[in-house]
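Student: 3D model of this:
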Amino acid sequence: MSPLMKIKQNPYAIKENEDKLGKVLQVYDKRLGEIRFLGGDEFSLADLSHLPNINILGMFVLAEKKKKKEEEGVGMG
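Tutor: Presented below is the predicted three-dimensional model:
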């Protein structure tokens, strides 16, 4: 969220939390490879509770991609 709000970032904290998130997402990926939904074979509160965070994560990923494209485009025109 810091880049969007132009707040100074802590690279150590970013790396630490990216690593933690990566581990959690690997668990989710493995789980969803075995069953249809996080909580079992039917959509449940377990899945529903993750929707807001996944949506926010997606917004940040898109914002980072946009930022990289803008940076790559600088000085190329």
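
Student: let's verify the spatially most central residue of the chain: helix, strand, or coil?
Tutor: Centroid-nearest residue in the chain: residue 57, 3.5 Å away (criterion: CA atoms, centre = their mean). The three-state assignment at residue 57 reads helix, by DSSP: H, G, I helix; E, B strand; the rest coil.

Student: the bottom helix or strand of this structure by mean pLDDT?
Tutor: Of all regular secondary-structure elements in the chain, judged by mean pLDDT, DSSP states H and E, the least confident is helix 2-5 with a mean of 71.

Student: now stretch 33-46: buried residues?
Tutor: Going by neighbour count (16 or more other CB atoms under 10 Å), the buried part of stretch 33-46 is residue 38. C-beta here means a position set from N, CA and C on the backbone, and glycine is covered the same way.

Student: end to end on that stretch, go ahead and measure it.
Tutor: Start to finish, the residues bounding stretch 33-46 are 16 Å apart (CA to CA, to the nearest Å).

Student: quick one, phi/psi of residue 41?
Tutor: The phi and psi torsions at residue 41 (degrees, to the nearest 10) take the values phi -90, psi -10.

Student: hang on, I meant residue 40
Tutor: Backbone geometry at residue 40, expressed as degrees, to the nearest 10, gives phi 140, psi -150.

Student: on the pLDDT front, check it for me.
Tutor: Reading off the confidence values, residue 40 has pLDDT 90.

Student: show me what it is bridged to.
Tutor: Note on residue 40: beta-bridge partners residue 37, judged by DSSP bridges.

Student: ok, residue 35 - contacts?
Tutor: Going by CB atoms under 8 Å, 6 or more residues apart in numbering, residue 35 touches residue 41.

Student: check residue 1 and give its pLDDT.
Tutor: The model reports residue 1 with a pLDDT of 65.

Student: ditto for residue 13
Tutor: Note on residue 13: pLDDT of 89.

Student: check the one 10 residues further on too.
Tutor: Residue 23 is assigned a predicted lDDT (pLDDT) of 92.
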